[in-house]
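Engineer: below: sequence and its predicted model.
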Amino acid sequence: MSVVEGQVHGVQFRTEQQRDTSEAVWTFRVERYDDSGNRVQLVPVEMRGYRVEGAISDGDWVRGSGRMKSGTFRMTAAENLTTGASVRAKGIPRIALVFVFVVFALILAFMIWGAVQMFGTG
């Protein structure tokens, strides 16, 4: 995990459709400045997940963690140093994943039971 800290600019929000679900996507730039006020680094950032909790606005100072991927910092969590808010990209709730797994296992078991009944020795 890497950490990026600086001032936020160009916040944009969109929703992307992924098969049967949608994904929240925030994009912005984190700009870092030296003591003289000159911009020394510009980092393109993307946060994506089932939903994004918290708030980030243009001009806020943030410290975020994530990984660099294809020239864009994929931020998973951030602290908004201006407002004190915690910002997180949330995945699909675990209970939903467990439910889908259980339903899939039950369907598979039913299909196997049906195959055994149909083609079983008798």
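Structural biologist: Yep, it's here.
Engineer: now do the helix or strand G114 falls within: distance to the chain's middle.
Structural biologist: For G114, the host element (DSSP states H and E) is helix 94-119. Once both centres are worked out by C-alpha atoms, centre = their mean, to the nearest Å, helix 94-119 turns out to sit 29 Å from its chain's centre.
Engineer: can you check stretch 10-18 too?
Structural biologist: 11 Å.
Engineer: L42 touches E31, doesn't it?
Structural biologist: Yes - counting by C-beta atoms under 8 Å, E31 is a contact partner of L42 at 5.5 Å. For every residue, glycine as well, the C-beta is placed using N, CA and C.
Engineer: in the longest strand along the chain, what counts as buried?
Structural biologist: If you go by DSSP state E, the chain has its longest strand at strand 2-18. By neighbour count on 16 or more other C-beta atoms under 10 Å, the buried set for strand 2-18 is 4, 6-8, 11.
Engineer: which residues sit against it?
Structural biologist: Under the criterion C-beta atoms under 8 Å, 6 or more residues apart in numbering, residues 22-33, 41, 43, 45, 48, 56-68, 73, 75, 81 lie in contact with strand 2-18.
Engineer: can you list the strands that the next helix or strand after it pairs with?
Structural biologist: Using DSSP H and E, the helix or strand that follows strand 2-18 in sequence is strand 21-33. Taking DSSP bridges as the criterion, strand 21-33 forms sheet pairs with strand 2-18 (antiparallel), strand 39-49 (antiparallel).
Engineer: quick check: angle from strand 21-33 to helix 94-119?
Structural biologist: 140 degrees (axes from the mean of the first three to the mean of the last three C-alpha atoms, to 10 degrees).
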